[in-house]
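1. using only what follows, build the 3D model:
(one chain, ligands or ions: 1)
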Amino acid sequence: MRRWLITGAGGMLGRDLTALLAARGEQVAEFTRAGLDITDAAAVRTVLERYQPQVVVNCAAWTAVDDAEAHEDSALEVNGRAVAYLAAACADHHAALVQISTDYVFDGLAEKPYAEDHPPAPRSAYGRTKLAGEQAARTALPQNAYVARTAWLYGAHGSSFVRTMLSRARAASPVSVVDDQRGQPTWTADVAGQIHALITAGAPAGIYHATSSGDTTWFGLAREVYAHAGADPALVTPTTTAAYPRRSGALPPVTTLAPESAASVTSSATLDRVGWFTSGPTSVVSSRPGPTFRAASRCANVAVNSSATASCT
Ligand SMILES: NC(=O)c1ccc[n+]([C@@H]2O[C@H](COP(=O)([O-])OP(=O)(O)OC[C@H]3O[C@@H](n4cnc5c(N)ncnc54)[C@H](OP(=O)(O)O)[C@@H]3O)[C@@H](O)[C@H]2O)c1
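-> Numbering: from 1, shown residues only. So this is what the prediction gives:
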């Protein structure tokens, strides 16, 4: 059993991670934004001093991707500078820091999944601020920072693309969805299990990619949601990113994070297994095996393998 401290515990990932750690008998101190604003450096120091965690997982973030374009410095305060405050406090108390990051740190132009050590090249303000957070964590804690990059999250709590599509499907509403952005829809409980596995297996500090397996486009995902909800998938029609310009402009068109497995995320069995459709929005933990973990900092496979991950599901 370890002492964990979770920031952003009221968010989609934070809630599932807190629940998963508690269910696995870990000692968890959870902080929503009201309990700990991570941009308050003094408060961060005080909380770590009081709770003496062994592992801090930062699930707090500015996640409004489009708004970050007009408010990049405000986003940087949360996604970059505040991570430096957390990392400094972790260094003082010999705690590990798991910093959650994103596929937006990449340019989205690759034709194969991005490896952990692929050079980042963000094309949006959000991506730049998240990369700043990665760098802040790794600079302050070279031996004790874990960057866990994930993508296209949906979970039992909070808003997500899948939840929006589910509402539309239940209303049998037609919808037009972009078919030229490809990524990995990822169940937040999968990521929670991967984070737990990463730490309990004693993986070395470094960058890790943590997603559910498989990939699809937003259109493909929407169609699958409609089918599961019993709505006609033909209500979902494909469109292009160009037809729906966003303030964040240069969204990564094709961003899949390696390593990925052969399983398709759009198969009915897969979506049923993660519990979204069979039992509604509950904190069901996925039974899918996660990916093999690799540490980019060492550019080699390490002793955290898929069986270690699977044992945690
Ligand atoms: N959602 C995705 O598709 C996705 C994809 C890839 C990576 N990620 C990353 O995954 C992580 C978790 O994302 P999520 O989807 O769970 O986001 P979320 O649901 O928006 O949760 C983020 C949480 O951070 C809190 N927060 C914001 N500013 C804060 C501050 N200054 N101090 C403390 N807490 C603060 C928010 O509180 P309020 O609600 O009160 O503002 C919210 O509860 C983030 O690092 C995100 O960048 C997300």
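
2. which residue is the nearest non-sequential neighbour of Ala22?
-> Distance criterion Cβ to Cβ, 6 or more residues apart in numbering; nearest residue to Ala22, sequence neighbours excluded, is Val28 at 5.4 Å. Any C-beta I mention is one placed from the backbone N, CA and C, and that applies to glycine too.

3. again, but for Gly8
-> That would be Ala60: by Cβ to Cβ, 6+ apart, it lies 3.0 Å from Gly8.

4. surely that neighbour touches Leu17?
-> No: look at Ala60 against Leu17 with Cβ atoms under 8 Å: they stay out of range, at 11.8 Å.

5. average pLDDT across stretch 40-60?
-> For stretch 40-60, mean pLDDT rounds to 98.

6. how long is it end to end?
-> One end of stretch 40-60 to the other measures 13 Å (Cα to Cα, to the nearest Å).

7. again, but for stretch 135-155
-> 27 Å.

8. what residues does this protein put near the ligand?
-> 7-8, 10-14, 33, 37-39, 59-63, 78, 100, 102, 130, 150-153, 158 (Cβ under 6 Å from any ligand atom).

9. among the residues you listed, which are located in strands?
-> Of the positions in those, 7, 100, 102, 150, 153 sit in strands, assigned by DSSP state E.

10. may I see the buried residues of stretch 161-169?
-> 161-163, 165-166, 168-169 (16 or more other Cβ atoms under 10 Å).

11. just how off-centre is that stretch within its chain?
-> 19 Å (Cα atoms, centre = their mean, to the nearest Å).

12. next one: stretch 20-31
-> Offset of stretch 20-31 from its chain centre (Cα atoms, centre = their mean): 18 Å.

13. keeping just the C-alphas, turn stretch 238-245 into CSV.
-> Extracted as CSV, the C-alpha positions of stretch 238-245 are listed here (Å, rounded to 0.1, in the frame of the first residue of the first chain):
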residue,chain,number,x,y,z
PRO,A,238,-19.2,11.9,-42.4
THR,A,239,-17.8,15.3,-42.8
THR,A,240,-14.3,16.9,-42.9
THR,A,241,-12.4,19.0,-40.4
ALA,A,242,-12.3,21.8,-43.0
ALA,A,243,-16.1,22.0,-42.9
TYR,A,244,-15.9,22.6,-39.1
PRO,A,245,-13.1,25.1,-38.5
